[in-house]
Each structure stands twice: as C-alpha cells, then as structure tokens.
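Trainee: Below: sequence and its predicted model.
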Amino acid sequence: MNELVHSLPPKKMTTRSAAEKAASPVAKVLATPRTNDPARTMAGILEVATAEFAEKGLSGARIDEIAAATKTSKRMIYYYFGSKEGLYVAVLEESYRRMRAIESEQHLEDLAPEAALRKLVEFT
C-alpha cells in the first residue's frame, strides 16, 4: 500500500467530485475488503507463488510480484514463510502433498504389487 500512496502525484488543493474520488487508486484499494484469515492468506500466497515459481524458477520469481498479485505485503510473506527459499520449500511441500493425495485416490493398496506399481508408473 505504501508504494501505491507514494506513487500518487502530490495533492492539489482542489475539490474533486465523488465520482473522481471513487475512481482513484486509493479508493479502489480501500474498497477491497481486507480479511484477517491467515490460512486463507497463506493459501492465496502459495497458489500465486506456485505459478510464479513454475514460470520463472526460484531465481526468477519475485516476492514483490507475488505480494502484489495476492494484495498482501512482502512483510507478510516473510512473516509466514521466513524467506523466499522458505516460500519455495512450502510450494514444493504443498505440491508434493497434492500429488500424494491424488495418488492415494488410485487405491494402490487394493492391487497386487506388480499391478500397483504399473498403475503408479502410468499415473505419474
């Protein structure tokens, strides 16, 4: 939000109409409801970070772009994940968890070992 406020031109001492005020970038940010739901915030960060890391890799991904896309601050990302590398590890862990969940839906335990292995290889 600081970037948004500081990027605006200095205010002139003129009266703006209600429509002009509603169209301002600050009004749009203020109109966006803020939630205090850490789990939802973290899930949103992980979702955006997954796409960012998949597209650009660890070295190409930018925390400020992830923060902007999730409408949160870099400080909150560092608070939740510690570092860019911590966020990357969290993305990898979440991706692995999802893969294991999908894999468990294959019901491999119900098959003979060879058939289960074949199905697992075909799945991946």
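Mentor: Nice, thanks for sending it over. Just so it is clear, the model here is predicted, and its values are computed rather than measured.

Trainee: Tell me the pLDDT of the residue of the chain positioned farthest from its centre.
Mentor: Relative to the average C-alpha location in the chain, and by Cα atoms, centre = their mean, no residue lies farther out than Ala112, which sits at 40.1 Å. Each residue has a pLDDT score; the one for Ala112 is 91.

Trainee: Now for the closest residue to Leu87 other than its chain neighbours: which residues touch it?
Mentor: Counting by Cβ to Cβ, 6 or more residues apart in numbering, Leu87 lies nearest to Phe81, which is 4.1 Å off, once chain neighbours are set aside. C-betas here are computed from N, CA, C, even on glycine. With contact set as Cβ atoms under 8 Å, 6 or more residues apart in numbering, Phe81 has these partners: Ile45, Leu87, Ala90.

Trainee: if we go to 10 Å?
Mentor: Neighbouring residues of Phe81 by Cβ atoms under 10 Å, 6 or more residues apart in numbering: Met42, Ile45, Leu46, Ala49, Ile63, Leu87, Tyr88, Val89, Ala90, Val91.

Trainee: list the buried ones in the longest helix seen in the chain?
Mentor: For the chain, the helix reaching the highest residue count under DSSP state H is reported as helix 38-60. Within helix 38-60, the residues that qualify as buried are Thr41, Met42, Gly44, Ile45, Leu46, Val48, Ala49, Thr50, Glu52, Phe53, counting by 16 or more other Cβ atoms under 10 Å.

Trainee: packing partners for the helix or strand following it?
Mentor: Elements were assigned by DSSP states H and E; along the chain past helix 38-60, the next helix or strand is helix 63-70. Secondary-structure packing of helix 63-70 (3 or more Cβ pairs under 10 Å, 6 or more residues apart in numbering; DSSP states H and E): helix 2-7, helix 38-60, helix 74-81, helix 84-104.

Trainee: I'd like those helices as TSV, with distance to Val121 and mean pLDDT appended.
Mentor: Below are the helices and strands packed on helix 63-70 laid out as TSV (distance: least, Cβ to Cβ, whole Å; pLDDT from 0 to 100):
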stretch	distance to Val121	mean pLDDT
helix 2-7	48	53
helix 38-60	23	95
helix 74-81	33	97
helix 84-104	12	94
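
Trainee: Nothing else from me, thank you.
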